[in-house]
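>>> No letters, just coordinates:
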């Protein structure tokens, strides 16, 4: 039915007066036995008394009082009287409308569901039925106070003809989101009678990727996508929840400053795999982990930090990264940054100790560094053991002053140091009579055993008695040490002669300073 036009003020007065007149006439007739009230096209005797009441209903006012229809158009009063004729008669005049009624729950409504002909009954409203669920149709929640005819056509094909949402809603439209085929504009996401927030649940009906559970805090699409501009809000969206995070090397690497360089918007937890996109030439292998973030903290507390400390995992090896071998030696001095396999043996030591390795290579017993520096020489090199642990014979046979091996020998090669000569310690012996002896000091002495001379040889080994001149041939002079010292000049003063052997000659030629002036020992 078409909506009633509003009456002017004068029309209302006239209608009120007419109504009063009718009611007054009916009252008088009932009191004095007057004729029945008249009805259009009917003799008074056939008009029931209830007509005065029925004509006040909205349906009768619209059809009869307005002069659009007569009683017989709807009532077969000659055969059936004036009982309710039902909704079937409506189609005589309103066939198009009767053919397009709407659902009433799981059934179909008829004309009389909405158009009231009964007296003293208000015409129903749409929300009077639709405030509750009607079969497959949910209860109207949103827009419940709006005029339903703005969007709904009760008697037409396609009963829903939505009004332009922008007429009431000033939110920015989403043109890019409505470019797909068969788009219904706002209704792609929003239901006419559901709250706006319910539109979020519909995103997954079109956007099924990524599949599987989303990370905590990322369940709702509108957390990152602005509702009416469905492009992601970029870095601002990330920072709304996560704040401004310190990112490794962000000051110098532009890609590190953008969250989405590493975090896929719909799979942010897989950021560890993103390193390979830029660092494809780096293949870390450390403890079975292939992820760069095992050593490079993506969001460190210190923005200048490039990697976590090795000792954060390897604390049993050292207290700091600069104390795992020797004070000040960093882990990277021996371990390559992205290939943490430990070099073996000499290759490992040669980085810093190439000179020592070259020297030790000539000494079979010293070629293996661990033989002196322990099996844990990489992280806890032991102090070199005493030489006697291998060279017990030399240590036991070394004379006093020769017990410290390193004073004369280079530790790795084992050879005698160039500066370690006998004269470096025994300079006072070089000026003696044997200072220029063939073979040097070693002709009479050895530094230590077990090979070589155990004690200086007898003087006669070099100075045969038969070859000695003058008084050397006297038998009493056979003991060389009585007059000679191996490293000093021969003693020939009076005290040397008269002090022990020739005491009876002390007063002999007291003016002579030496005996050898007369008693010759040389030619």
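Nice, I can see it. The shown structure was predicted, so the numbers you read here are calculated from the model rather than taken from an experiment.
>>> tell me which residues of stretch 80-90 are tucked away?
Across stretch 80-90, burial judged by 16 or more other CB atoms under 10 Å covers 82, 85, 87, 90. Bear in mind the C-beta positions are built from the backbone N, C-alpha and C, glycine included.
>>> Could you give the separation between the terminal residues of it?
For stretch 80-90, the separation between the terminal residues is 17 Å (CA to CA, to the nearest Å).
>>> gap between residue 294 and residue 394?
51 Å (CB to CB, to the nearest Å).
>>> same check, this time on residue 254
In terms of CB to CB, residue 254 sits 67 Å off from residue 394.
>>> ok, the two, which is more surrounded?
Legend: neighbour count by other CB atoms under 10 Å for residue 254 and residue 394, higher for residue 394 (19 against 9).
>>> check contacts around the most centrally placed residue in the chain.
Centroid-nearest residue in the chain: residue 298, 5.4 Å away (criterion: CA atoms, centre = their mean). By CB atoms under 8 Å, 6 or more residues apart in numbering, the residues touching residue 298 are 247, 248, 262, 271.
>>> try residue 169
residue 186.
>>> Renumber starting at 378 from here on
OK, 378 is where the count begins now, so the last one is residue 546.
>>> Tell me the pLDDT of it.
You'll see residue 546 listed with a pLDDT of 81.
>>> doesn't it fall inside a strand?
No. Assignment of residue 546 by DSSP: H, G, I helix; E, B strand; the rest coil gives coil, placing it outside any strand.
>>> And it, how far from residue 567?
Distance from residue 546 to residue 567, by CB to CB: 9 Å.
>>> what does residue 769 give?
96 Å.
>>> Could you do residue 743 as well?
Counting by CB to CB, the gap from residue 743 to residue 567 is 86 Å.
>>> same question, residue 496
From residue 496 to residue 567 the distance is 42 Å (CB to CB).
>>> When the two are compared, which one has more neighbours?
Comparing residue 496 with residue 567 by other CB under 10 Å, the one with more neighbours is residue 567, at 18 against 14.
>>> Tell me which residues touch the more buried one, please.
Per CB under 8 Å, 6+ apart, neighbours of residue 567: 542, 573, 575, 576.
>>> Could you double-check that the first one lies in contact with residue 562?
Yep, that's residue 542 we're talking about. Yes. Counting by CB atoms under 8 Å, residue 542 touches residue 562, with 7.1 Å between them.
>>> what's near enough to touch residue 860?
854, 867, 868, 869, 873.
>>> List only buried entries from those residues.
Buried subset of the contacts of residue 860 (neighbour count, 16+ other CB under 10 Å): 854, 869, 873.
>>> Flag the least confident of those.
Lowest pLDDT among these: residue 869, 78.
>>> Nearest residue to that one in space, please, no chain neighbours.
residue 893 (4.4 Å; CB to CB, 6 or more residues apart in numbering).
>>> And for that neighbour, the neighbour number?
Residue 893: 18 surrounding residues under other CB under 10 Å.
>>> Quick check: phi and psi at it.
In terms of degrees, to the nearest 10, the main-chain angles of residue 893 are phi -70, psi 0.
>>> and it, what pLDDT?
Predicted confidence (pLDDT) for residue 893: 87.
>>> any idea how far it lies from residue 843?
21 Å.
>>> Residue 563 is in contact with residue 554, correct?
No. Residue 554 lies out of contact with residue 563 (CB under 8 Å); the separation is 10.0 Å.
>>> Let me see the contact set for the nearest residue to residue 803 once chain neighbours are set aside.
In this structure, residue 803 finds its nearest non-sequential neighbour in residue 818, 7.4 Å apart by CB to CB, 6+ apart. Residues near residue 818 by CB under 8 Å, 6+ apart: 799, 803, 806.
>>> do the same with residue 673
Residue 673 touches 625, 652, 683, 684, 685, counting by CB under 8 Å, 6+ apart.
>>> rewinding a little: are any of the contacts of residue 675 buried, and if so which?
Here, 16+ other CB under 10 Å leaves 624, 625, 639, 648 buried among the contacts of residue 675.
>>> Looking at those, spot the one nearest residue 780.
Nearest to residue 780 out of the buried ones among the contacts of residue 675 is residue 625 (CB to CB; 57.1 Å).
>>> wait, doesn't the closest one sit right on residue 633?
Yes. The pair residue 625 / residue 633 is scored as a contact, 6.3 Å apart, by CB under 8 Å.
>>> Which pLDDT value belongs to residue 436?
Reported pLDDT for residue 436: 89.
>>> What of residue 700?
Residue 700 carries a pLDDT value of 87.
>>> For residue 785, grab the count of nearby residues.
Count around residue 785 with other CB under 10 Å applied: 19.
>>> Need the pLDDT of it.
93.
>>> Would you mind giving the secondary structure of the residue nearest to residue 703 when sequence neighbours are not counted?
Spatial nearest neighbour of residue 703, chain neighbours left out: residue 758 (7.2 Å); criterion: CB to CB, 6+ apart. Using three-state DSSP, the secondary structure recorded for residue 758 is coil.
>>> can you pull the contacts of residue 758?
By CB under 8 Å, 6+ apart, residue 758 lies in contact with 702, 703, 750, 751.
>>> Would you map the helices across this protein?
386-409, 428-431, 435-437, 472-475, 488-491, 503-507, 580-583, 611-619, 652-655, 722-738, 747-750, 769-774, 799-802, 871-875 (DSSP state H).
>>> related to what we said a few turns ago, ok, which pair from the contacts of residue 675 is furthest apart?
Those two in the contacts of residue 675 that are separated most widely, counting by CB to CB, are 625 and 648, at 11.9 Å.
>>> Does residue 510 touch residue 518 like I think?
No. Residue 510 is beyond contact range of residue 518, at 10.9 Å (criterion: CB under 8 Å).
>>> Residue 564: how many residues sit nearby?
Neighbours of residue 564 (other CB under 10 Å): 13.
>>> Show the pLDDT at it.
Reported pLDDT for residue 564: 83.
>>> Any stretches of the stretch 678-827 of the chain with poor pLDDT?
Across the stretch 678-827 of the chain, the ranges flagged by pLDDT under 70 are 717-723.
>>> Break this protein down into its structural domains.
The chain breaks down by automatic domain parsing into domains covering 378-505, 612-642+672-685, 699-743, 850-894.
>>> closest one to residue 658 among those?
That would be, of the domains of the chain and by CB to CB, domain 699-743, which comes in at 9.5 Å.
>>> what about that closest one, how long is it end to end?
End-to-end span of domain 699-743 (CA to CA): 28 Å.
>>> same check, this time on stretch 753-769
25 Å.
>>> Return the set of buried residues in it.
For stretch 753-769, by 16+ other CB under 10 Å, it's 754, 755, 758, 764, 768.
>>> Can you pull the phi/psi pair for the third one?
Right, the one you point to is residue 758. Dihedral pair for residue 758: phi -60, psi 130, per degrees, to the nearest 10.
>>> Okay, residue 843 and residue 836: tell me how far apart.
13 Å.
>>> burial of the residue lying closest to residue 680 once chain neighbours are set aside, as a residue count?
Nearest non-adjacent residue to residue 680, counting by CB to CB, 6+ apart: residue 623, 5.0 Å away. Neighbour count of residue 623, defined by other CB under 10 Å: 14.
>>> Residue 818 versus residue 623, what's the distance?
Counting by CB to CB - residue 623 and residue 818 are separated by 72 Å.
>>> Filter the contacts of residue 818 down to the buried ones.
By 16+ other CB under 10 Å, those give residue 806 as buried.
>>> Including distance to residue 438, could the contacts of residue 818 go into CSV?
Below are these laid out as CSV (distance: CB to CB, whole Å):
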residue, distance to residue 438
799, 145
803, 146
806, 150
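>>> Flag the shaky bits of the stretch 528-677 of the chain, pLDDT-wise.
Those would be 549-550, 586-590, 607, 609-610, 664-667, if you go by pLDDT under 70 across the stretch 528-677 of the chain.
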